[in-house]
Each structure stands twice: as structure tokens, then as C-alpha cells.
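Peer 1: sequence and computational prediction follow.
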Amino acid sequence: MYDNHGRIRKQILKRKHTEGKLQTYKKGYEIRITVKKEKVNDIIKALKTQNIKNGNPYNKGSCKVIPIYGMNNTQRFINEIVKS
């Protein structure tokens, strides 16, 4: 499920250092998990068992997107879920 529809964005440190002072580069660590609406609660429960905090799910077409923000949550997701 994640392999087909998930997205991981990591911060580009070089851009942060050069453009961050001007506040033009505000991108941080983010994961977007796209799931069917009926699976949202199951995914959120699974994330909680791994101590991964998610943002508020939002609609995208006929699906829901569960965002995960922050470097720690992103690394934990990659280590516990993607690499397993």
C-alpha cells in the first residue's frame, strides 16, 4: 500500500543554509500516506503503536492523505515501516 502511493520528502540542507535565512526555502521532513477512506483509522492506530505522530488527515480525490511531519517521525517511519 505505501509503496504504491506514499511520498517521502527530506530537507535539503544545502538549500536550507543558503535560502533559509531569507525564508524562501521552508520545506521540512514530510511523509504523505495515501489510503482509502475506510483504512484511515487502521493506519493511524498502526502509526501510534510505533510511536509515530501523524498530522490531520485530509481529502485528496476519493482517498485520504495522512501526513507525518518532522525529522524524528520521518526517520522512525523509514526505519520501522519502510525498511522492514
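Peer 2: Here it is on my side, so go on.

Peer 1: got phi/psi on residue 67?
Peer 2: Here is the backbone geometry of residue 67 (degrees, to the nearest 10): phi -90, psi 150.

Peer 1: wait, what's in contact with it?
Peer 2: Contacts of residue 67 were listed using Cβ atoms under 8 Å, 6 or more residues apart in numbering, and they are 30-33, 54-58. To be clear about C-beta, it is placed using only N, CA and C from the backbone, and glycine gets the same treatment.

Peer 1: nearest to residue 76 among these?
Peer 2: Checking the contacts of residue 67 against residue 76 with Cβ to Cβ, the nearest one is residue 31 at 10.2 Å.

Peer 1: for the closest one, what are its contacts?
Peer 2: With contacts defined as Cβ under 8 Å, 6+ apart, the neighbours of residue 31 are 6-9, 67-68, 73-74, 77.

Peer 1: residues contacting the nearest residue to it once chain neighbours are set aside?
Peer 2: Once flanking residues are discounted, residue 31 sits nearest to residue 68: 4.1 Å by Cβ to Cβ, 6 or more residues apart in numbering. Contact partners of residue 68, counting by Cβ under 8 Å, 6+ apart, are 30-33, 47, 52-55, 74, 77.
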